[in-house]
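K.L.:
Turn this into a structure:
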Amino acid sequence: MAELNADQIEAFRRDGFLVVEEAVDAALLRALQRDFAAWVEESRAHDAPYGETINGRPRFDLDPDHSAARAGLRRVNAPVEISDAYYRAMADSRMTRLVAELIGPDVVFHHSKINSKLPGARTEVKWHQDFLFTPHSNDDVVTALLMLDAVTAENGALEVAPGSHAGPLHGLWREGRFTGAVDEAVAADAASRAVACTGPAGAVCLMHTRLLHGSKPNLSGAARTLFISVYAAADAKPLSPNPMPHKYEGLLVAGERRNRVRSIPFELELPELPSTASFFDQQTADAAAAR
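P.N.:
Numbers count the residues shown, from 1 in each chain. Coordinates of the predicted model:
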């Protein structure tokens, strides 16, 4: 039975994003929330990014205002490696089936992370397109942002520029520096037509890899936590190393492997891989350099 109707598929093709509620069942959502809450409590015992992924970078990233009294766990890299609940949500849930209906029938997993803005978090994500961080031979790549909390316009919701996935690719390099963000003019235009992707806990925002997006700080008293999984059509082959390598890279989550590659025409500058826990540091470092 199809998970999406024709109008929803057309909306995704036209706008570059689609919000669907109840992307995971209630029991799995509770398990995801419990695991993240446990990591937040664990983070209170640390004063710097900690843990280790398979390429030696920290698994858990902390925002600059983190303390034992006010936990600021803002990123968990590759949670699918350390949590059965996150693995199941990525590999075998309604969310997985939704993605397959958009870019399937053959779909592989690329990488995952949790981005969280706990109450009062100042973290801001500057406007960018994911494809410039994870270029593939074609752009049938979807970022699935599963809402572990209710997401509102007040708590740092993802903001997108509808239809921008059908436009140009906007570079992330400025004067020899990788900034992780588009230039100010492009960002201003995107912000002028931004739409906030809101929804209840358990909803997912399915976002085309070329869609311009960003988010503001969370100045509310409610947390905003997203489990982010990136998927690609099986014939879309990565052109740059995975920014978050993990043991499940290339896992087939729908269909079958057909030993095929499909390419589309485009040009871009390859990304600079992060050396720290997350790309937040790349965007912050560029802001500091600009000052």
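K.L.:
What's the end-to-end length of stretch 10-22?
P.N.:
Stretch 10-22 stretches 20 Å from its first residue to its last (C-alpha to C-alpha, to the nearest Å).
K.L.:
Now do the phi/psi pair for Cys197.
P.N.:
phi -90, psi 100 (degrees, to the nearest 10).
K.L.:
Bridge partners for it, pull those for me.
P.N.:
When assigned by DSSP bridges, Cys197 has beta-bridge partners Leu158.
K.L.:
tally of neighbours for it?
P.N.:
Cys197: 24 surrounding residues under other C-beta atoms under 10 Å. (Each C-beta comes from the backbone N, C-alpha and C, glycine too.)
K.L.:
Over to Val261?
P.N.:
Neighbours of Val261 (other C-beta under 10 Å): 12.
K.L.:
any idea how far it lies from Pro243?
P.N.:
Distance, Val261 to Pro243, by C-beta to C-beta, to the nearest Å: 21 Å.
K.L.:
Show me the shaky parts of the chain.
P.N.:
Low-confidence regions of the chain, defined here as pLDDT under 70, cover residues 277-291.
K.L.:
What about Ser275, how many residues nearby?
P.N.:
9.
K.L.:
looking at it, it is touching Arg57, isn't it?
P.N.:
Yes: the pair Ser275 and Arg57 qualifies as a contact (C-beta atoms under 8 Å) at a distance of 7.4 Å.
K.L.:
Please list all residues in contact with His128.
P.N.:
Contacts for His128 (C-beta atoms under 8 Å, 6 or more residues apart in numbering) come out as 170, 172, 180-182, 212-214.
K.L.:
Closest one of these to Val141?
P.N.:
Using C-beta to C-beta, His213 comes nearest to Val141 of these, at 13.8 Å.
K.L.:
And the strands in this structure?
P.N.:
In the chain, the strands defined using DSSP state E lie at 17-20, 60-62, 73-77, 107-117, 125-128, 141-147, 158-160, 173-174, 177-178, 195-197, 204-208, 213-215, 224-233, 252-254.
K.L.:
Take those strands and lay them out in CSV including distance to Ala187.
P.N.:
What follows is the strands of the chain, written out as CSV (distance: least, C-beta to C-beta, whole Å):
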stretch, distance to Ala187
strand 17-20, 18
strand 60-62, 23
strand 73-77, 21
strand 107-117, 19
strand 125-128, 4
strand 141-147, 19
strand 158-160, 11
strand 173-174, 12
strand 177-178, 16
strand 195-197, 15
strand 204-208, 17
strand 213-215, 7
strand 224-233, 21
strand 252-254, 33
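K.L.:
mind checking which of these is nearest Tyr87?
P.N.:
Comparing those by C-beta to C-beta, strand 107-117 comes nearest, at 9.1 Å.
K.L.:
Could you check the angle that closest one makes with strand 141-147?
P.N.:
40 degrees (axes from the mean of the first three to the mean of the last three C-alpha atoms, to 10 degrees).
K.L.:
list the helices and strands strand 107-117 packs on?
P.N.:
With contacts defined as 3 or more C-beta pairs under 8 Å, 6 or more residues apart in numbering; DSSP states H and E, strand 107-117 has these neighbours: helix 26-43, strand 73-77, helix 84-91, helix 94-103, strand 224-233, strand 252-254.
K.L.:
Adding distance to Ser67 and mean neighbour count, write these out as a markdown table.
P.N.:
Converted to a markdown table, the helices and strands packed on strand 107-117 look like this (distance: least, C-beta to C-beta, whole Å; neighbours: other C-beta atoms under 10 Å):
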| stretch | distance to Ser67 | mean neighbour count |
| --- | --- | --- |
| helix 26-43 | 10 | 16 |
| strand 73-77 | 12 | 26 |
| helix 84-91 | 26 | 20 |
| helix 94-103 | 34 | 22 |
| strand 224-233 | 19 | 26 |
| strand 252-254 | 38 | 18 |
